[in-house]
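Asker: Turn this into a model:
(2 chains)
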Amino acid sequence: MALPTELLYRYHKELNQPFADSRELLVRALDLMAGQLKLDQVCFFDWTPEESLLSQRLVWRAGAAMDMEEDIAVAVGSPLRAVLEHGGVYVSQNLNYPALYIPVQWKGGGRRLAGRPETGDEPRLGALRMERLKKSWAFSSREKELARGLADELAHNLSHAELDQFNREQLNRAHALNELTGVFASSMRVEDGMRLILQGIQRYFGFDRVRLYLVSHAERKLKGELSADARGQVRSLAHEQIPLQPGVHRFADIVLGNSAGDAVTDNYRETVIYLPLTVQGKSVGLLIVDNLLSQQPILQEDMVSLSSFAGQIALAVDNAMLFEQVQELSQFDELTRLPLRRYFNERFQEEMYRAERFAQPMALIWLDIDFFKEVNDAYGHQIGDQVLFEAGRVILSNLRKIDFPCRYGGDEIIILLPQARADDARAIAARLAQEISEIRVPVPFAKAGEVRVSVSQGIATYPGDAASGEELLARADEALYWVKSHGRGGVALYSQVFAKKPSDPGLLPNPLPSKKDQPPKKQG
Amino acid sequence: MLFWVLPNSGVGTVSHLTALLSEFSREYPHIKVELAVLTRESLWREIFGFQREPRRSAGADIIQFPHYWTALLVRLGILAELGELDSRLSSVTEWIEPLRPHCLLPGTQQVYSVPWWMDVSALHYRVDHLREVSSNPDEQLARWDGFMEACEALSKLKKGGTYFPLENSNMRGSVTIRDVLPCMWNRGGDIFNSSSTRAVAHRDESLRGMEDFLQLFRKGYMPLMRERGSLGTLLEGKASMTISRRLSQSVLPQGEEPDFEVKTLPVPGELFGSHSYLSSYNLGVARGGKNQQEAVTLLKWLTGTEQQLRYSQMIHAFPPSTAGFERFIFSSHERMRTYSGIVAGARTVPNVMVCGTYMTVLDSTLSRLAMELAKGAWNPALLMQAMVKVQVEMDYLLSLYGE
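Answerer: Numbers count the residues shown, from 1 in each chain, chains lettered A, B, ... in the order given. The predicted structure is shown next:
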């Protein structure tokens, strides 16, 4: 046998090269060890003193390294424990062949699990078991000395390998965060910003699941928004609505800052992270990431990265919420909550295409509030706005789901009725006229004390009255004009008022406001 | 082509498989197979790691895994549909009936994995030892209380040294849910309710079953967390019985004729009968792998009746195809008598998405409890508290990922 120093140097040289991870290093080290000490089998164990547990990680045998399992409870006060704690070599007394246990202690690469207290740079602990399966072939003192030297060299290299691995992971994490910043920035410009944010976090951090809840301060609720799973699939959490009150739900307590940890959160502290999102001290939401399906502990580094990123995530979420609000403002009329003309035009084109493609009927109502200008002039814009608001409310609550109303401009409202024939449209118009006639807007300073509202409505149908979208709008407008020029407060079907005699029942009587309810005629 | 395998025969895994695959290499010299032996724990970690960062990990082309992981691996996008790769793999009729649903994505007839080998729990005992404490061992060992009495009698009889009435067949030297399940079923308990929509491991009957098994450690009838190979083997006469999922030959040296007889019985029964745990180890082909056709070739070769029989025999397990199992069972009158009844009363765990997580959580919980037992710090309330926590977590996961 060569001198231990020469063998140690050879071993040192072989291990002193870059390895992908500590497993790859261990495989090489155990292989070399087995050759130098003529071993039949070498095992590497993790040693957890607080649990008194030696837990096998890797076995080398006959030229092959295998992940293998063996748990050994090491009794307090036992000779093996003394060696594991204080160093040295322990010769197994239980196995019926020569086997040595040698502790291995190295500096960890800085990796820690989330939810574990900061304990400083504690060393990582392990042990080697070197085995010769022939009973008679005991280890000499010199071999034991060499075995210890090899174990020390392994420890030295494990420190380097884990540090390298940690640094590589940190670098990957930094790249990932950099890319994620781009995702967050772009989330302001896209419609589905929340979706991108969640998919980005899930993808770059590799969690099993990421969930986002948004705070609705107006409703005092924490509302489920979206969840992204391990495959990047995104689902709505709209069905989850949690009252934002202390003691009602764990999530609400976390957002309100009242959660000091409970049995449930403590139980999952290594696999679930709750991240409240705030912008300038205001809660905007709650981000929850978990590894419950895989049961893989979340690393402290990921938790720190995510926490340091919380402000940016919160800002991105807030931006996405603002973007949605802006979108809504650009699509919906703030006063009546009815879609605006531009949004209507998009939808009108789609519906026209669908009606043509599938040969389906469609109707359009053009509605005008009677004497609206006079109301504004006589009682002021505040009252006029109230009239519009009430009319919008009634219209929105009296239509079918597929109908699409729009504030076309001023007091003109258009209602698109997909799959509706003339009779359906007339029935809807009659119902709207009836409901709107029941609106009462209080005007304390007016003689009557209130304003009543009536509407004129013109109806045209596709394909009966018009062959295109433009024509349909024009025909409905003509029917409306006919109503307005025949006393207002009614409903006219284009096909009946223009194709037939005016005496035909195209014009439906409408409960007109009584004279006393009508605004005074403008002077001059 | 990279093949992820479980330690099917412990430290002998690589040598057994190398011997088996040398024949495959002769038939298919152009296909090179590289083996990586992973434990369930490291395989689980690798699969999730690969699923998250497929570009950064060296993923396998063909994977061996426990049967109840199929649904999860399909949902994670790890497995390729076998019928799409080879039409002859689109049917499951050649496997024994209880294993068929475990090859499929639940709710479909799409095949994603095929059984390679299977094991089933049974009680093996040394006739010479038991005759010293029982006039009729077969009758006494049919029930749990009789079995415990035999353990007590053996433990008094064989005092001292490193003798234990039972050898611990658990590869880890500890305890897993797979060891405990027959006792839970025999008490009327289970881990899932009948529709696999709720976790029920915390219920009284389930806890009683777990306690039955853990009693074996508490009373010192079976070693816990000792050095592997250091004590308690049937061969050396340092144990008299073992509850194992492998064949009784697994306790004997290969090729040697023992001078004592080992008999096999069902796991000792309780109020709800005697159940065994049946599990298969399936093979699947990685979705998007570079060597899919080679992987299919190897999968078909390994799961063919002849190779199944050969490999099962090597590792003292059972072939899972109907033809293979019939050939195995009809090979001796003794086998037919013993195993036809055991397999008929065998149960398995469901192939649902959360089953792998559930079994993992139960294993780590039992492992923690075993540590308390080993330290002599056992308290019966620990089991209930631990199982209530598991139940809460699993019900939550079932609500998220239920089929």
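
Asker: how many neighbours does the closest residue to chain B within the stretch 401-524 of chain A have?
Answerer: Per CB to the nearest CB, residue A:401 is where the stretch 401-524 of chain A lies closest to chain B, at 29.8 Å. Bear in mind the C-beta positions are built from the backbone N, C-alpha and C, glycine included. Neighbours of residue A:401 under the rule other CB atoms under 10 Å in any protein chain shown: 5.

Asker: so how far is stretch B:9-18 off the chain centroid?
Answerer: In terms of CA atoms, centre = their mean, to the nearest Å, the gap separating the centre of stretch B:9-18 from the centre of its chain is 17 Å.

Asker: contact partners of it?
Answerer: A:41, A:59, A:61-62, A:64, A:66, A:68, B:5-8, B:35, B:37, B:171, B:311, B:314-315 (CB atoms under 8 Å, 6 or more residues apart in numbering or on different chains).

Asker: quick check: domain ranges of chain A?
Answerer: For chain A, automatic domain parsing gives the domain ranges A:4-167, A:193-330, A:341-517.

Asker: which of the ones you listed has the lowest average pLDDT?
Answerer: When these are compared by mean pLDDT, domain A:193-330 comes last with a mean of 84.

Asker: That domain: end-to-end distance?
Answerer: Taking CA to CA, to the nearest Å, the first and last residues of domain A:193-330 lie 17 Å apart.

Asker: ok, the residue of the stretch 401-524 of chain A closest to chain B to residue A:358 distance?
Answerer: Distance, residue A:401 to residue A:358, by CB to CB, to the nearest Å: 18 Å.

Asker: same question, residue A:344
Answerer: Counting by CB to CB - residue A:344 and residue A:358 are separated by 21 Å.

Asker: More neighbours: which of those two?
Answerer: residue A:344 (21 against 8).

Asker: about what we covered before: give me the element the residue of the stretch 401-524 of chain A closest to chain B is part of.
Answerer: Assigned by DSSP states H and E, residue A:401 belongs to neither a helix nor a strand.

Asker: Also residue B:108?
Answerer: For residue B:108, there is no host helix or strand (DSSP H and E).

Asker: Quick one: residues contacting the residue lying closest to residue B:126 once chain neighbours are set aside.
Answerer: Nearest residue to residue B:126 in three dimensions, chain neighbours excluded: residue B:240, at 5.1 Å (CB to CB, 6 or more residues apart in numbering or on different chains). When contacts are counted by CB under 8 Å, 6+ apart, residue B:240 touches B:125, B:126, B:129, B:130, B:154, B:158, B:165, B:166, B:234.

Asker: Was I right to think the last one contacts residue B:167?
Answerer: Translated: residue B:234. Yes. The pair residue B:234 and residue B:167 passes the contact test of CB atoms under 8 Å, sitting 5.7 Å apart.

Asker: Residue numbers of the stretch 151-300 of chain A in contact with chain B?
Answerer: Taking CB under 8 Å from any CB of the partner chain as the contact definition, the stretch 151-300 of chain A meets chain B at A:206, A:208-209, A:230-231, A:264, A:267-268, A:292-296.

Asker: Now which of those would you call buried?
Answerer: Listed as buried from those are A:206, A:208, A:209, A:230, A:268, A:292, A:293, A:294, A:295, A:296; burial here means 16 or more other CB atoms under 10 Å in any protein chain shown.

Asker: So what touches stretch A:418-430?
Answerer: By CB under 8 Å, 6+ apart, the surrounding residues in contact with stretch A:418-430 are A:351, A:354-355, A:360-365, A:367, A:398-400, A:402-404, A:415, A:417, A:457, A:459, A:461, A:464, A:491, A:493, A:495, A:508.

Asker: Assign residue A:277 to helix, strand or coil.
Answerer: strand (DSSP: H, G, I helix; E, B strand; the rest coil).

Asker: Isn't it up against residue A:285?
Answerer: Yes. The criterion here is CB under 8 Å, and residue A:277 meets it with residue A:285 at 4.4 Å.

Asker: so what's whichever residue of the stretch 101-250 of chain A sits closest to chain B closest to, chain neighbours aside?
Answerer: Residue nearest to chain B within the stretch 101-250 of chain A (CB to the nearest CB): residue A:206, separated by 3.7 Å. Closest residue to residue A:206 apart from its sequence neighbours, by CB to CB, 6+ apart: residue B:52 at 3.7 Å.

Asker: pretty sure the one you found is touching residue A:232, no?
Answerer: No. Judged on CB under 8 Å, residue B:52 makes no contact with residue A:232 at a distance of 10.4 Å.
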